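[1] build me a model:
(one chain, ligands or ions: 2)
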Amino acid sequence: MVSMDTKQWARLVLVALSLLAGGCGSTAGGLRRGPLPLEVTFWKPWLLNTARAPYAKLYVEVDAVRGAEPPQRWLDEMEAFLREQCDKPGGVTVVRSDLIAPEEAAASSVTSLALRHLDGPPPESAYIYVLYYNSALNPQLKTANPHAVVFPYPCAVVVDRNYNEAGFGDVLGSLILKHEVAHLLGAARDPAHGDGAHCGRRGCLMNPAFEYAGAGRGAGLQLQMTFCADCLRDMARWRATEAPGNLRFQGAYLARREAGYSVLTLPNAVHLHLGTAETLPGGPLWAAMKRAGSGPLQGREGFILSSSATGSTASVRTALRSAEKDPVSMVRKSARFFSAQMDRQGLPP
Ligand SMILES: [Zn+2]
Ligand SMILES: [Zn+2]
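    Ligands and ions are numbered 1, 2, ... in the order given. Sure, this is the predicted structure:
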């Protein structure tokens, strides 16, 4: 009989991995070749936002660095769009949450800002997190395209107001926000009219490139005001599709429950819990994530892999054998790491 002690499960292991994000290239770039990674698609997390169950409500938390706040009109248009495209009889609520001091943002990675400031949804709500910042404040940051994060926390949108701010970035701010949020509703997920992330139809808001005439004749002409019929059909299909029964928000975590283990994600963080979801060390884990946001990830982008366990050695070993076959490579990696630790402690296989 072994219980993984507090030290073990609360310890966060920082692993530097390259970032896999749903980069949008909202003004440039084209369609990707080949299908989206399996890790993005196999669990269909966007259905939590579109379907009526298990969450009849949708809650959107908007954090912003002071000076980079989105105008109210952008948020109002996003809210109207979500009301239209998601089957949420309990309503859609958009809340401005933290206003982050520029001094803090000047010394923080984007992941750090998100981990420190994200609060998560109230009970019984699906959740989208939106963060507006300005990379010009931090000499360490490069200007980034606005993007929806599709892995490992497929419920976040991050917008750098420095991105083409002098050009059309701000003129199109509301459309860009709609485009990013639509990624989290599964728009253009059907590869028949795009690459599974973006739409191949010219003139569709889900096209990877925005066409905009910023000068000369036709200045201000914006060709993509709406979604094409195929993208609208995608979202209509998802609203009518049942969400997987094993996905839930647990606080701010998006939790995927599997036999014997759960995978919990936050921005750039994947936690593997061996044991039932009810035995997750929620409070201490949340505190450890907040610490990681202020510690290892403060000044750099990175990825946090962590794990915890409850139960007997035998049940933990059984759960590990399943987790080692999880579709997500980071989960397999965490499981192998945990197994190796148990081996080193001389625990029976
Ligand atoms: Zn995009
Ligand atoms: Zn389209």
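[2] report the contact partners of residue 30.
    Counting by Cβ atoms under 8 Å, 6 or more residues apart in numbering, residue 30 makes contact with 208-209. C-beta coordinates here come from the backbone N, C-alpha and C atoms, glycine included.
[3] shift numbering so it begins at 20
    Happy to do that; since the first residue is 20 now, the last one works out to residue 49.
[4] who touches residue 199 in this structure?
    For residue 199, the contact set (Cβ under 8 Å, 6+ apart) comprises 43, 165-167, 176, 178.
[5] in TSV: the residues you listed, plus distance to ligand 2 and pLDDT.
    Output for these, formatted as TSV (distance: Cβ to the ion, whole Å; pLDDT from 0 to 100):
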residue	distance to ligand 2	pLDDT
43	14	48
165	18	86
166	18	87
167	15	90
176	18	96
178	21	93
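[6] which of those count as buried?
    43, 165-167, 176, 178 (16 or more other Cβ atoms under 10 Å).
[7] next step: these restricted to helices.
    Mapping these onto helices (DSSP state H) picks out no residues; all lie outside.
[8] keep only those of those that are in strands.
    When the buried ones among the contacts of residue 199 are checked against strands using DSSP state E, the ones located there are 166-167, 176, 178.
[9] now the residue in the stretch 70-219 of the chain positioned nearest to ligand 2. Nearest residue, chain neighbours left out?
    For the stretch 70-219 of the chain, the residue closest to ligand 2 is residue 218, as judged by Cβ to the ion, at 3.0 Å. The shortest distance from residue 218 to any residue other than its chain neighbours is 3.8 Å, reached at residue 225 (Cβ to Cβ, 6 or more residues apart in numbering).
[10] number of nearby residues for that neighbour?
    The tally of other residues near residue 225 (other Cβ atoms under 10 Å) stands at 27.
[11] helix, strand, or coil at it?
    coil (DSSP: H, G, I helix; E, B strand; the rest coil).
[12] could you check how far the helix or strand residue 275 falls within is from the centre of its chain?
    Using DSSP states H and E, the element containing residue 275 is strand 272-277. Using Cα atoms, centre = their mean, to the nearest Å, we find the averaged C-alpha position of strand 272-277 to lie 13 Å away from the chain's own average C-alpha position.
[13] sheet-wise, list the partners of the helix or strand following it with their directions.
    Downstream of strand 272-277, the next assigned helix or strand under DSSP H and E is strand 280-285. Taking DSSP bridges as the criterion, strand 280-285 sits next to strand 272-277 (antiparallel), strand 288-293 (antiparallel) in its sheet.
[14] OK, contacts around the closest residue to residue 66 other than its chain neighbours?
    What sits nearest to residue 66 in space, not counting adjacent residues and going by Cβ to Cβ, 6+ apart, is residue 262, at 3.8 Å. Shown here is residue 262, whose contacts under the criterion Cβ under 8 Å, 6+ apart are 63, 66-67, 69-70, 72-73.
[15] Three-state assignment for residue 262, please.
    At residue 262, secondary structure determined by three-state DSSP is coil.
[16] so what sits opposite residue 284 in the bridge?
    Here residue 284 sits in beta bridges with residue 273, residue 289, as judged by DSSP bridges.
[17] if we can go back for a sec, out of the buried ones among the contacts of residue 199, the closest to residue 58 would be?
    Distances from the buried ones among the contacts of residue 199 to residue 58 were compared by Cβ to Cβ; the smallest belongs to residue 167, at 15.1 Å.
[18] now the closest one: closest residue in space, sequence neighbours ignored.
    With sequence-adjacent residues excluded and distances taken as Cβ to Cβ, 6+ apart, residue 167 is closest to residue 202, at 3.6 Å.
[19] so what sits opposite the residue of the stretch 70-219 of the chain closest to ligand 2 in the bridge?
    Going by DSSP bridges, residue 218 is paired in beta bridges with residue 213.
[20] per-residue pLDDT, it?
    As predicted, residue 218 sits at a pLDDT of 93.
[21] try residue 222
    The predicted structure scores residue 222 at 86 on the pLDDT scale.
[22] just to revisit the earlier point, distance of the residue nearest to residue 66 from residue 69?
    Relative to residue 69, residue 262 is positioned 8 Å away (Cβ to Cβ, to the nearest Å).
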